[in-house]
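# Next comes the sequence, and after it the predicted model I'd like to discuss.
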Amino acid sequence: MTQIEDVRMLIQDHESEFRMNVKVLALDLDGTVFGRGPLNLEEVVLLRKLQARGIGIVLCSGRTLHYVMGIARCIGTTGPLVCEEGTIVYDQNHHRKIINGDITKIRELRESMHRLLPLCRIPRESHHDKEVILALDREPRIDLDTFETEIKQVLERNRLDLNVTSSDEMINVIPAGIDKGFGLQTALSMMGLREEGIIAIGDAPNDIPLLKRANYAAAVANAHPRVKEIVDFVSRFDDGEGVSELAQHILDNKI
C-alpha cells in the first residue's frame, strides 16, 4: 500500500465514525412532505427506497389519524403514525392506537369554548375537527404569535394546564407534556427501537420538539427561521423537494 492510499484509508475510517446508522426518518407532513401542490413522485420513490433498505418511516402531523393514514397509503409507508401533535400514535402493522396525555382538561375547554374563547372556532374542514386536541382559528384573525399569547393567557387564568403550539395559521391546544417529540418516542417504543439513529425533518415551530428528539435534525428551505436555527441541515429546496434531497443524502451515506 502506498502512502497516498494509506492516507485515503485513514480519511475513510475517520468519516465512517461520523456516519449514522440510520434507523428511522421522521417526517412532518404539511409544509414538509408536501406544500400546496401535488405529492412529489420522486420523493415517494426515495422514501420507498429508504423503507426497502430497512429504515422506518414515521409520519408526524397535527392532522387526524384518518388523514395521516391516507397519506401513508399514498406514499406506501408502514411505520407508526404520529397524529394530532403526538397525542395519537397508531401502529399500522398491528392496528393498535395509543392516546398520550390526560385529555380531561381538553374536554373541559371544548365544552366551555363559547364562554372562555368566544372569538375562536374549530375550522370547518373535517380534518381540523380532532379526536383529542383542539385546533383553533379566530375571527377576526390576528397575528399568530399574538393569538397564541391570547390563548395561553386564557388557559392560565382558568387554571387549565395545557400545551399550546402553532402551525400554519392555526393554534393547537394539547394535553400538558405532549408534543410531536413525545409522540415520536411512543412510535420508537412500538418499533422496539431506542432513540439512536433517528433523523427528523420539519418546517414549523410545532416541529421543534420532534427535531430536538432526533439525533440529526433537518429543515426544508421554506421552514420557519426558528426551525432553521436549531437544525443540523437546511435543504436547498422547499417541502417535498427538500425531503427528497435529505432522503438522497441518506441513501448516499452522506449522513
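Arrived safely, thanks for sending. Only a predicted model underlies this, so the values are computations on that prediction, with no experimental measurement involved.
# neighbours around residue 212, how many?
Other residues lying near residue 212 total 14 when counted by other CB atoms under 10 Å. The C-beta positions use only the backbone N, C-alpha and C, and glycine is treated the same way.
# residue contacts, it?
Applying CB atoms under 8 Å, 6 or more residues apart in numbering to residue 212 gives the contacts 181, 230.
# For it, give its distance to residue 75.
Note on residue 212: its distance to residue 75, by CB to CB, to the nearest Å, is 25 Å.
# And the helices in the stretch 151-255 of the chain?
Using DSSP state H, counting those that start in this stretch, the helices found in the stretch 151-255 of the chain span residues 180-191, 208-213, 225-228, 239-251.
# between those, which gets nearest to residue 81?
helix 180-191 (7.9 Å; CB to CB).
# pLDDT weak spots in the stretch 1-150 of the chain?
Counting by pLDDT under 70, the ranges of the stretch 1-150 of the chain that qualify are 1-18, 126-127.
# could you pull out the helices for it?
3-18, 41-52, 65-75, 104-111, 113-116, 144-157.
# out of the ones you listed, nearest to residue 125?
Comparison of those against residue 125 by CB to CB identifies helix 65-75 as nearest, at 9.9 Å.
# Which neighbouring elements make contact with that closest one?
In terms of contacts (3 or more CB pairs under 8 Å, 6 or more residues apart in numbering; DSSP states H and E), helix 65-75 is packed against helix 41-52, strand 56-60, strand 81-83, strand 88-91.
# Single out the most deeply packed of these.
strand 81-83 (a mean of 29; mean count of other CB atoms under 10 Å).
# mind listing what that one pairs with, with the direction of each?
strand 56-60 (parallel), strand 88-91 (antiparallel) (DSSP bridges).
# residues making contact with the last one?
Think strand 88-91. Contacts for strand 88-91 (CB under 8 Å, 6+ apart): 65, 68-69, 80-83, 96-100, 131-132, 183, 186-187, 190.
# Select only the buried ones of those residues in PyMOL?
This is the PyMOL syntax for the buried subset of those, where burial follows 16 or more other CB atoms under 10 Å:
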select buried, resi 65+68+80+81+82+83+100+132+183+186+187+190
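# burial of residue 19, as a residue count?
Residue 19: 10 neighbours (other CB under 10 Å).
# Report the contact partners of it.
Residue 19 neighbours (CB under 8 Å, 6+ apart): 253, 255.
# let's go with 6 Å and repeat that
Shown in contact with residue 19 (CB atoms under 6 Å, 6 or more residues apart in numbering): residue 253.
# Now do it against residue 255, distance only.
Residue 19 is 7 Å from residue 255, where distance means CB to CB.
# Then residue 95?
32 Å.
# Between the two, point out the one with more neighbours.
residue 255 (17 against 7).
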